[in-house]
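In: Sequence first, predicted coordinates after that:
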Amino acid sequence: MAITEKAKRKIILNLTGYLFLGPLLIYFIVFQAVPIFMSLYYSFTNWNIGQSVQWVGLKNYLDLFFNQVSYPYFWKSLGVTLKFVLLVVGGTVVVSLFMAMLLNTVKRSAAFFRVAIFLPYVTSTVAVAAIWKWLYDPLYGLVNYFFSLIIPNFQNVAWLKEEKYALAAFAIMVIWQVSGYYMLIFLARLKSIPDEYYEAAQIDGANIWQSFRHITLPMLRPATFYVLITLFIISFQVFDIVYILTKGLGDPNKSTLTYVLELFNHAFRYNEMGIASAMSFILFIILAVVTAIQFKVVPQDV
């Protein structure tokens, strides 16, 4: 049976679509899907680079959870990361929302301020680390100088060297770097809120706090949901800035040893690819569970 002209056009159209989709599909299979399944397989093995693969079943997972002698920093790194996540997520939401609300009231030079605040987000992490290392310098840093101006007899602090301050110091770096991006997310949502809502609230006698609580916050739910999800993921996977400033050690006294940094150490410092693969899938499960909970608990609509 002869193919009609309409059927030919449909076939050509479908082939064209697959042709454009092909490179992306090949990239996903080769560089995403295959490594994921290989990593899952290696998480059940005792494989090290240069050695043959030895199947060990669930041993890697059981050792990570229960063998504190061989893997003393697994739970430590998980606890450090959870603290870091709380600091970064909470701090970034507050800072970015505050800046967005300020910029929402700015009429002149608004574009300049948006670009200036967004700039740290596109700055290299190496440059960010260098800037903050200088700012935190115990002798010449501006942070200590600022505190010396407002606190009498202030003693200089080695922010990156003292255990009780180091993790918070790293969190501030990340908050400073990413807040500009999330500020734009909140700002875009704020500008979509009709002014009539606030005018009606003002007529009803609502003050600024009541308008913020009953109008602004509910209308920001979709943006807040996106911010919480992405912030949790990026802060739980923090690695580069901690690696740069602690040389992969998580010092002082492992107080900045994040989960991904410990994963990296097992893979490339201790040559334990099986353990590192197991840690990567534990991380995947944690992120998936928390994301699912956020989808269930956090309201996404207005």
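Out: That came through, no problem.

In: Just name the shakiest helix or strand of this structure by mean pLDDT.
Out: Using mean pLDDT, DSSP states H and E, the weakest-scoring helix or strand in the chain turns out to be helix 5-28, at a mean of 81.

In: I'd like to check which residues are in contact with the residue nearest the centre of the chain.
Out: Nearest to the mean C-alpha position of the chain, by C-alpha atoms, centre = their mean, lies Ile234 at 1.4 Å. Counting by C-beta atoms under 8 Å, 6 or more residues apart in numbering, Ile234 makes contact with Val178. Backbone N, C-alpha and C define where each C-beta goes, glycine included.

In: Could you point out the helix or strand that follows the least confident helix or strand of the chain?
Out: Later in the chain than helix 5-28, the nearest helix or strand by DSSP states H and E is helix 34-42.

In: can I get the CA coordinates of the helix or strand following that following helix in CSV?
Out: Downstream of helix 34-42, the first helix or strand assigned by DSSP H and E is helix 59-66. In CSV, the C-alpha atoms belonging to helix 59-66 read as follows (Å, rounded to 0.1, in the frame of the first residue of the first chain):
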residue,chain,number,x,y,z
LYS,A,59,29.2,-4.7,53.2
ASN,A,60,30.1,-1.1,52.1
TYR,A,61,26.8,0.2,53.3
LEU,A,62,26.9,-1.7,56.6
ASP,A,63,30.5,-0.6,57.2
LEU,A,64,29.6,3.0,56.7
PHE,A,65,26.7,2.9,59.1
PHE,A,66,28.1,0.6,61.8
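
In: Pull out the buried residues from helix 59-66.
Out: 59-61, 63-64 (16 or more other C-beta atoms under 10 Å).

In: Contacts made by that helix with the rest, please.
Out: Counting by C-beta under 8 Å, 6+ apart, 43-46, 70-71, 74, 274-275, 277-279, 282 sit against helix 59-66.

In: out of the residues you listed, who's nearest Gly248?
Out: Of all the contacts of helix 59-66, Met279 has the smallest distance to Gly248: 15.2 Å, by C-beta to C-beta.

In: Just the angle for the least confident helix or strand of the chain relative to helix 34-42, thanks.
Out: 50 degrees (axes from the mean of the first three to the mean of the last three C-alpha atoms, to 10 degrees).

In: tell me how far helix 5-28 is from the chain's mean position?
Out: For helix 5-28, the separation from the chain centroid amounts to 36 Å (computed by C-alpha atoms, centre = their mean, to the nearest Å).

In: what comes up buried for it?
Out: Buried, per 16+ other C-beta under 10 Å, within helix 5-28: nothing.

In: Show me what that helix is packed against.
Out: Contacting helix 5-28 under the criterion 3 or more C-beta pairs under 8 Å, 6 or more residues apart in numbering; DSSP states H and E is no other helix or strand.

In: how about that helix as CSV, C-alpha atoms only?
Out: Extracted as CSV, the C-alpha positions of helix 5-28 are listed here (Å, rounded to 0.1, in the frame of the first residue of the first chain):
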residue,chain,number,x,y,z
GLU,A,5,1.9,12.5,1.2
LYS,A,6,0.5,13.3,4.6
ALA,A,7,2.0,10.2,6.1
LYS,A,8,5.4,11.0,4.5
ARG,A,9,5.4,14.5,6.0
LYS,A,10,4.6,13.0,9.4
ILE,A,11,7.4,10.5,9.2
ILE,A,12,9.9,13.2,8.1
LEU,A,13,8.7,15.4,10.9
ASN,A,14,9.2,12.6,13.5
LEU,A,15,12.7,11.8,12.1
THR,A,16,13.6,15.5,12.3
GLY,A,17,12.6,15.6,15.9
TYR,A,18,14.6,12.4,16.8
LEU,A,19,17.6,13.9,14.9
PHE,A,20,17.6,17.0,17.1
LEU,A,21,16.9,14.9,20.2
GLY,A,22,19.6,12.4,19.3
PRO,A,23,22.8,14.3,20.6
LEU,A,24,21.1,15.1,23.9
LEU,A,25,19.9,11.5,24.3
ILE,A,26,23.4,10.2,23.5
TYR,A,27,25.0,12.6,26.0
PHE,A,28,22.5,11.6,28.7
